[in-house]
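Novice: sequence and predicted structure are below.
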Amino acid sequence: MKTMLTVGTAWLALMAAPALAQTQTGTPETTTGTGSATTAADVGSDTATQSAANEPGDIIVTAQKRSERLQDVPIAVSVLSGDAIAAKGAVNLEGAQYLVPTLNFRKSGTAINQSLFLRGVGTSTFSIAGEPSISTVVDGVVYSRAGEAFSDLIDIDRLEVLRGPQGTLFGKNTSAGVINIVTKRPGKDFGGFIDGGYYFGNGNEYRVRGALDLPLATGIAARVTGFYGNYDGNIRNNAYGGRRVNGYDHWGVRGMVVAEPTPDLTITIIGDYRESNDDCCAEVIGTGPTSASATTNAQVNGFINSGVLPTPEGDRTRRINQDLITHTDEKSWGVSGQADWTLGTQTITYIGSYREYDNTEIRDGDWLPRAYTTFNQLHDVGPQTSNTITQELRLTSPSNQFFSYVLGAFYSRAETTRTFTRNDLVCTPAPTVPVPCSTPGLTVTRPTGTAVFGSVFKNLAFFGQGTLNFTDRLRGIVGVRYTTDQLDVSHIRRTALTGPGISPNFDQGVYNEYLRLVRAGVSPVTAATQAVPASNGIPFTAKTTNDNWSGRVGLQYDIVRQSTAYATYSRGYKGPAFNIFYNLTGTGTNVIQPETADSYEVGLKNTLFGGKLVINLAGYYAKYYNFQANNPDVIEGVVVTRFTNAGQISTRGGELDILFQPARDLSFSGGLAYTDAHIDQFRVPANGVTTGVIPNGTTLAYAPKWKGSLGADYRLRTGGPIDFALGAQGSYQSKQLSQLDASAAVRDATTIKGYGLVDVQAGIVEANDRFRVNFQVKNLFDQSFAAAITSGGPGGSYRYIIPREADRYYGVNARVNF
């Protein structure tokens, strides 16, 4: 009842107090659209273009690797301007989820394990030999690791969310969709901005960012962007005197140079560097124990009563008591080059890139302030390094001919190496009441294990998509992509002394003996244990390859000039994988087969009132085969997740997007999505480890049935030097499952309740936009919620991750343009 009242109040507030529109996208650059003159920007570039009219009906996107009006693209696409994202206070894609109804975000203990979901489909895995279902592309460069995509959204022109399989033009790891991010390009004149913000109410946060446009010579311009942010955190750690955690410290720089040596050639060079140090995300113990053992339950309740564990309050728990601060340290940098060369009526585009991404995960896995008898200390440290090379070459025709097309070739190589160490502290004997391991008379051991494992993804693809303009109103779409994948993995684990959560040695010798025992009739689980003495110190290696044909066909018809209908069929694809993680044993060495999808989509795009109102509708059905997913399991007494082919799933639903700008200074935007994503046929793993069969019909994780957003913006022009701005932004989502599990009780306990959020803001704006000052209230109604709930806490308790947005807080932001 409280949630419904909150949501009702939110929508009333939104209708009465408008917020910043998502259609404002910075400085207009090029007017393009159906039938416009062919230019390099129109056909070859992944850069931002915008109609000078700056109205919803004239938004330009590159969802099909050419610049087109959003309303002419036969794909369900949500578009957010960078200015709108910044105005809402969103730092990264986690914040963008509140603005896009079909986008959901899985928050995890460390950034490297977080993931995105579209239409209820995504990939969550701890394996370094698995890829996401949603690809993130920044200025035409594909980011191979999911964690790298969650960096700060700074100086963004627009963010395009392409929903459904996009395998034809964007590649193999797009079986659920694409996040296409386009950054702002240099202006032709000297100028820039500096922006600063201070947020308070549940921890202090400071943000500073700025950009500078530098004309270097005739036809050459540069843009340099820098940012810094620091946040205390929203959770207090009693073990460190109540210090705040779940905060961050980020900084980075980005540079872009655009040169036009001739009217037919544009060269773009981009470089970036960033560092992130996050003490996030602490998992609070949100419930009491649920162990089958009454003794264990009594022991954990004793921890709670004595203050060793803070009192669990569900999603209102804001304290932990952990002697190791879970945190992630990251560094990433990259360079890319793009050339757009117009030859007659054709444009050749080349994009090449090199990126490095280093991540160190440090995690408290026992959630206690010290080791106790029967409650052992478990600390993990896992540095990881990765590098990626991508090469893409495209040939693009003009859009205003009978058969227009995009042809291309793509190559990438992504290498990752991780060294993961698990340290335990165990003490015996165990009395009825747990006591600290520092108690005299106890025997203390320190089991430890270290695994070094790696993966190398190689991908080569050839693709093409064309549009047949049968008449001025009827068009046919056909596309195809041939993909060949190769994945190589290695793994070796050394354990001097085994203990809770520490698996014994694993290497090529263990694996070979495991295979021999299985062939001799020994069960896989027993063979995995008996093979350990055959360790030979040589890393286990494996390799898999796969070829695939994916594609897209469809029809598009202009019912009237302002309304376009389309129907498409798309074949989605995500390549093979391995379950390469610390606890690998012989039972988990099987190849995870490629994931494929058959997707059907119909849509209606309407542009009314001369482009001031956009109403887009989409309906879809998609079935996924060999769905790659994590399934919970217990190894050496610790809950882990195995990456498997979970079976067949499907998702269907409907989506509504609205953009309305009735007047120059008043605009509205919103969306509504209904999603029904569930398991059709669960596959029991054939590797000898039965993790439990999830019932058919079970709703997928991070797939709320209903999700919506509504925002608006109003600027009151006074005629004097200062104008006034008012705004609000609201979102709502129904309940969603956090942990896909065979147990109905676990699924029920890990269901995140539905919630609604409302943000409001008021500000002053200089009449010529030279400066702006805004005051914001985030989460106006102080709606508490969890971003993730998982099992496996002490005594079977449940662990909650509480995001910053789960509490009301305030902010002041100022920007100066020059």
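Specialist: Arrived safely, thanks for sending.
Novice: how about the residue nearest in space to the middle of the chain: what's its closest non-neighbour residue?
Specialist: In the chain, the centroid-proximal residue (C-alpha atoms, centre = their mean) is Leu116; its distance is 3.6 Å. Among residues not flanking Leu116 along the chain, Ile134 sits closest, at 4.6 Å (C-beta to C-beta, 6 or more residues apart in numbering). No exception for glycine: its C-beta is placed from N, CA and C like everyone else's.
Novice: mean confidence for the helix or strand containing the residue nearest to the centre of the chain?
Specialist: Secondary structure assignment for Leu116, by DSSP states H and E: strand 115-118. Mean pLDDT, strand 115-118: 90.
Novice: which helices and strands sit right next to that strand?
Specialist: For strand 115-118, the contact count by 3 or more C-beta pairs under 8 Å, 6 or more residues apart in numbering; DSSP states H and E identifies strand 103-106, strand 134-138 as packing neighbours.
Novice: helix, strand, or coil at the residue of the chain most remote from its centre?
Specialist: Distance to the chain centre peaks in the chain at Gly441, reaching 49.3 Å (criterion: C-alpha atoms, centre = their mean). State at Gly441, reduced to three classes by DSSP: H, G, I helix; E, B strand; the rest coil: coil.
Novice: so for it, what's the pLDDT?
Specialist: 91.
Novice: next, the buried residues of stretch 510-524.
Specialist: 510-514, 517-518, 522, 524 (16 or more other C-beta atoms under 10 Å).
Novice: not counting it itself, show me its contacts.
Specialist: 526-528, 530-532, 534-536, 540, 585-587, 589, 687-689 (C-beta atoms under 8 Å, 6 or more residues apart in numbering).
Novice: return the distance of the residue farthest from the centre of the chain relative to Val435.
Specialist: 10 Å (C-beta to C-beta, to the nearest Å).
Novice: would you map the helices across the stretch 101-250 of the chain?
Specialist: For the stretch 101-250 of the chain, the helices defined by DSSP state H, counting those that start in this stretch occupy 167-170.
Novice: can you check the stretch 651-800 of the chain too?
Specialist: Going by DSSP H, counting those that start in this stretch, the stretch 651-800 of the chain shows helices at 744-749.
Novice: so where's it shaky on pLDDT?
Specialist: 684-691 (pLDDT under 70).
Novice: do a quick rundown of the strands in it.
Specialist: Under the criterion DSSP state E, counting those that start in this stretch, the stretch 651-800 of the chain contains strands at 666-682, 706-716, 722-733, 736-737, 751-752, 755-766, 771-778, 788-790, 799-801.
Novice: nearest to Thr374, of the ones you listed?
Specialist: Thr374 lies closest to strand 799-801 among those, at 19.1 Å (C-beta to C-beta).
Novice: what's the first helix or strand after the closest one?
Specialist: Next along from strand 799-801, by DSSP H and E: strand 809-817.
Novice: pairing partners for that next one, with directions?
Specialist: Looking at strand 809-817 with DSSP bridges, its partner strands are strand 191-200 (antiparallel), strand 771-778 (antiparallel).
Novice: just the ones you listed: most buried one?
Specialist: strand 771-778 (a mean of 18; mean count of other C-beta atoms under 10 Å).
Novice: tell me how far that strand is from the chain's mean position?
Specialist: Here strand 771-778 is found 27 Å from its chain centre; the criterion is C-alpha atoms, centre = their mean, to the nearest Å.
Novice: what angle separates that strand from strand 722-733?
Specialist: 30 degrees (axes from the mean of the first three to the mean of the last three C-alpha atoms, to 10 degrees).
Novice: what's strand 771-778 in contact with?
Specialist: Residues from elsewhere that reach strand 771-778, judged by C-beta under 8 Å, 6+ apart: 87, 89, 199, 201, 725, 759-766, 805, 808-817.
Novice: which of those are buried?
Specialist: For the contacts of strand 771-778, buried by 16+ other C-beta under 10 Å: 87, 89, 199, 201, 725, 759-761, 763-765, 805, 808-809, 811, 813, 815.
Novice: and the residue farthest from the centre of the chain, how far from Gly619?
Specialist: Counting by C-beta to C-beta, the gap from Gly441 to Gly619 is 69 Å.
Novice: with Asp713 instead?
Specialist: To Gly619, Asp713 is 29 Å away according to C-beta to C-beta.
Novice: more neighbours: the two, which one.
Specialist: Comparing Asp713 with Gly619 by other C-beta atoms under 10 Å, the one with more neighbours is Asp713, at 26 against 16.
Novice: these two touch, right, the more buried one and Val760?
Specialist: No. Under the criterion of C-beta atoms under 8 Å, Asp713 makes no contact with Val760, lying 11.7 Å away.
Novice: on that earlier part again, any idea what the residue nearest to Leu116 is bridged to?
Specialist: Applying DSSP bridges, one finds that Ile134 bridges with Gly177.
Novice: same check on Arg158?
Specialist: For Arg158, the beta-bridge partners are Ser81, Val182 (DSSP bridges).
Novice: buried deepest among the helices and strands packed on strand 115-118, which one?
Specialist: Mean neighbours per residue, mean count of other C-beta under 10 Å, is largest over these for strand 134-138, with a mean of 25.
Novice: just checking, what packs against that strand?
Specialist: With contacts defined as 3+ C-beta pairs under 8 Å, 6+ apart, the packing partners of strand 134-138 are strand 115-118, strand 141-143, strand 177-183.
Novice: between those, which gets nearest to Gln322?
Specialist: strand 115-118 (24.1 Å).
Novice: pull that closest one out as CSV, backbone CA atoms only.
Specialist: Extracted in CSV, the C-alpha atoms of strand 115-118 (Å, rounded to 0.1, in the frame of the first residue of the first chain):
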residue,chain,number,x,y,z
SER,A,115,26.0,-6.9,-15.4
LEU,A,116,23.2,-5.4,-17.5
PHE,A,117,19.8,-6.8,-18.5
LEU,A,118,17.5,-5.8,-21.3
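Novice: how many other residues sit next to the nearest residue to Gly187 once chain neighbours are set aside?
Specialist: Leaving aside its sequence neighbours, Gly187 sits nearest to Asp213 (C-beta to C-beta, 6+ apart; 4.1 Å). Burial of Asp213 is recorded as 21 neighbouring residues (other C-beta under 10 Å).
Novice: for Asp213, what are its contacts?
Specialist: 186-192, 221-223 are the contacts of Asp213 under C-beta under 8 Å, 6+ apart.
Novice: hmm, which of those residues are the buried ones?
Specialist: Buried members of the contacts of Asp213, scored by 16+ other C-beta under 10 Å, are 186-187, 191-192, 221-223.
Novice: go through these and flag which are in strands.
Specialist: Using DSSP state E, the members of these that fall within strands are 191-192, 221-223.
Novice: pLDDT of stretch 343-358, averaged?
Specialist: Per-region confidence: stretch 343-358 scores 95 on mean pLDDT.
Novice: again, but for stretch 162-177
Specialist: On average, the pLDDT along stretch 162-177 is 89.
Novice: how far is that stretch from where the chain is centred?
Specialist: Relative to its chain's centre, stretch 162-177 lies at 14 Å (C-alpha atoms, centre = their mean).
Novice: and for stretch 153-164?
Specialist: Using C-alpha atoms, centre = their mean, the offset of stretch 153-164 from its chain centre is 12 Å.
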